[in-house]
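[1] Let me see the structure of the following:
(one chain, ligands or ions: 1)
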Amino acid sequence: MPRPLSVLFLAAEADPFIKVGGLGDVASALPRALRALSPDLDIRLVIPRHPMLNLDGHELAPVAEYALSRGGGYVMARVFETRFEGLPVYLIDGAPISTATSVYSSDMSVDGEKYAFFSLAALDLPRHLRWSPQVLHANDWHTAAAVYALSLRRDDSEFSWTKSVLCVHNLPFMGGGAGPSLSAYGIHSAAHSGLPDWARHFPLPMGLAAADAIVAVSPAYALEMLTPEYGCGLQDFLRARADVVSGILNGIDNKQFDPSTDSALTVSYNADSLHARGANKLALQTALGLPTDPQVPLLGMITRMDPQKGVDIAIAGLRLAADLPWQAVLLGTGIQYLEEEAAALQGDFPERVRAVARYDDALSRQIYAGADVLLMPSRYEPCGLAQMIAMRYGCVPLVRETGGLGDTVRPYTDLLNGTGFLFIEPSPQALVNALGEALALYRNRERWQALQLNGMAQDFSWARSAHAYESLYRKLAV
Ligand code: ADP
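    Purely as a prediction, here's the structure:
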């Protein structure tokens, strides 16, 4: 019988209550996968009660109300409990949360105040629940201050056995600007921590200095964080802590992303009926107003329009590769100049390109199920979900070999196990070279199908990630 294990899991967002990005998927799926893995694992999720939460069908029960000292006064925290598929979820409310108009703001004084309050209120919660977690699992800068504050409370009886895990989903976002709010709550800069001076009052580095374990969301990103290219100025500090740094790949929800049940598709299919996939390609070409040609390779991109994702590299690469036969659909919103570059590409290649500047879940699934290749030329990619979803749908990924992309896509040159195409240089020409290889192989139907089937056979389930997190928790909670 495994020993009981208790985990307090903190995140800024969690699907289905609120999802802005990949963190919302992780914070919803991972705790549920951990619960499914082991009935002895008492894991509880805590998120802010953002005003824009989706609470359809969820009853909220008030469970605690307490004050946090701030400056010379107090800020009240009110906590509500609900359940999501059996998972206990606590929602923390208070003035810094209820007055915010979005989950993340570009104004760091707003987010700094909100997430300093949330982190510290979440750390106080177990006492009010008369519960003493063995592991505090925080995610990204928003909740990293809880890890640091925990390290200051080692003498409190309720935290004497609590170990901390800080999961890094995106290192460049460190919460700079939150320092004054943390100080107001009595959490001052992390002196004597080995951190560079500039980072001592940023929540993420403070948490990284204090965490018992640091987890990056892929093994490759865990190593990359230790290098000047990806370490964002923290590489030397992180190298000194390398013994507590590891990488655990995120998963995807295999039920939510399943081409044999996905209602957004024209035709459902699985690995045994891959031929049926062609109908989805024709439907996609028709819906987008592209020539309906089953032979022409259809390239897809589904992404935030952000330089991180190498959208500019893809657009410049497609222009360079104008002589090759392809069609492309770029689905994504974000930074305006990238949306404009995508629209300009469509303007210059109206018979071949569609740029769709919106968030559209159904269309994204139709692209996964209808496109032949998914382009993902990211400059950095801590894990990346889109390439895993693509493989599950038989859409072959063409990716830059960085972070989780390198961990999940195996090169086509591996005849037995290959799942896609990789390139290293973050340049349009390097992408075009890989695209040339992909389009050449595309003509070999047998080899292409083998790539698709290898991708569809990969296990990217959350159960696999949950096993790795459970072992880490158990190793810490000795
Ligand atoms: P990120 O860094 O944005 O989290 P990921 O690849 O990890 O990148 O996850 C992105 C997720 O968001 C994928 O599930 C992808 O399908 C989805 N997505 C991104 N942009 C769009 C869009 N415009 N419409 C629909 N889904 C999108």
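[2] and this protein, which of its residues are near the ligand?
    21-22, 302-304, 331-333, 359-361, 364, 384-386, 389 (Cβ under 6 Å from any ligand atom). C-betas here are computed from N, CA, C, even on glycine.
[3] Please flag which of those residues sit within strands.
    Here DSSP state E is the test, and the residues of the chain next to the ligand give 302, 331 as lying in strands.
[4] Farthest-apart pair in the residues of the chain next to the ligand, please.
    Using Cβ to Cβ, the residues of the chain next to the ligand span at most 19.4 Å, a distance reached by Asp360 and Gly384.
[5] So these two - more neighbours on which side?
    With neighbours defined as other Cβ atoms under 10 Å, Asp360 and Gly384 compare such that Gly384 has more, 30 against 16.
[6] who touches stretch 450-464?
    With contact meaning Cβ atoms under 8 Å, 6 or more residues apart in numbering, stretch 450-464 is reached by 29-30, 32-33, 36-37, 249, 251-254, 270-271, 274, 388, 390-397, 408, 410, 412, 415, 417-420, 441.
[7] switch the cut-off to 6 Å
    29, 33, 251-252, 254, 271, 388, 391, 394, 396, 412, 417-419 (Cβ atoms under 6 Å, 6 or more residues apart in numbering).
[8] Could you count how many residues lie near the residue of the chain found nearest the ligand?
    Across the chain, the shortest distance to the ligand (Cβ to the nearest ligand atom) belongs to Gly22, at 3.0 Å. Number of residues near Gly22 (other Cβ under 10 Å) recorded here: 19.
[9] Can you list phi and psi of the nearest residue to it once chain neighbours are set aside for me?
    With sequence-adjacent residues excluded and distances taken as Cβ to Cβ, 6 or more residues apart in numbering, Gly22 is closest to Leu385, at 5.8 Å. Dihedral pair for Leu385: phi -100, psi -30, per degrees, to the nearest 10.
[10] looking at this protein, which residue lies furthest from center?
    Gly72 (38.1 Å; Cα atoms, centre = their mean).
[11] List phi and psi for that one.
    phi -90, psi 0.
[12] SS state for Leu299?
    strand (DSSP: H, G, I helix; E, B strand; the rest coil).
[13] hmm, back to that, just the buried residues of the contacts of stretch 450-464.
    With burial judged by 16 or more other Cβ atoms under 10 Å, the buried subset of the contacts of stretch 450-464 is 29, 33, 251-252, 388, 391, 394, 396, 412, 418-419.
[14] Which of those residues fall within helices?
    29, 33, 388, 391 (DSSP state H).
[15] need the contact list for the third one.
    Applying Cβ under 6 Å, 6+ apart, we find Met388 in contact with 252, 408, 460.
[16] could those go into TSV alongside pLDDT and distance to Leu60?
    Below are the contacts of Met388 laid out as TSV (pLDDT from 0 to 100; distance: Cβ to Cβ, whole Å):
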residue	pLDDT	distance to Leu60
Ile252	94	29
Thr408	98	38
Phe460	96	33
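[17] What is the most widely separated pair among the buried ones among the contacts of stretch 450-464?
    Farthest apart among the buried ones among the contacts of stretch 450-464 - using Cβ to Cβ - are Ala33 and Tyr412, which lie 30.5 Å from each other.
[18] Now do the same contact list for Ala287.
    Contacts of Ala287 by Cβ under 6 Å, 6+ apart: none found.
[19] if you set the cut-off to 10 Å instead, what comes out?
    266, 329, 354, 363, 366, 370 (Cβ atoms under 10 Å, 6 or more residues apart in numbering).
[20] and the gap between the third one and Gln327?
    It stands for Arg354. Counting by Cβ to Cβ, to the nearest Å, the separation of Arg354 from Gln327 is 8 Å.
[21] overlap in contacts of the two?
    284-285, 288, 290, 300.
[22] Quick one: neighbours of the closest residue to Arg32 other than its chain neighbours, just the number.
    In space, and not counting its chain neighbours, Arg32 is closest to Leu87: 5.4 Å by Cβ to Cβ, 6+ apart. Residues lying near Leu87 (other Cβ under 10 Å) number 18.
[23] One more: Phe257?
    With other Cβ under 10 Å as criterion, Phe257 counts 18.
[24] And for Ser260?
    Around Ser260 there are 11 other residues, counting by other Cβ under 10 Å.
[25] mind listing what Thr333 touches?
    Applying Cβ under 10 Å, 6+ apart, we find Thr333 in contact with 303-306, 339, 356-360.
[26] at 8 Å instead, please
    304-305, 339, 357-359.
[27] Likewise for Pro382?
    Counting by Cβ under 8 Å, 6+ apart, Pro382 touches 168-171, 216-218, 221, 403-404.
[28] still on that earlier bit, from the buried ones among the contacts of stretch 450-464, pick the one nearest Tyr230.
    Among the buried ones among the contacts of stretch 450-464, and counting by Cβ to Cβ, the member closest to Tyr230 is Met388, at 20.6 Å.
[29] May I ask you to confirm that Glu65 belongs to a helix?
    No: applying three-state DSSP, one finds Glu65 to be strand, outside a helix.
[30] What's opposite it in the beta bridge?
    On the basis of DSSP bridges, Glu65 is bridged to Arg78.
[31] returning to what we had before: going by neighbour count, which of the contacts of Thr333 comes out on top?
    Met305 (23 neighbours).
[32] so what's that one up against?
    Taking Cβ under 8 Å, 6+ apart as the criterion, Met305 is in contact with 311, 332-335, 338-339, 342, 357.
[33] for Thr143, same thing?
    Neighbours of Thr143 in contact, by Cβ under 8 Å, 6+ apart: 10-12, 115, 118-119, 122, 207.
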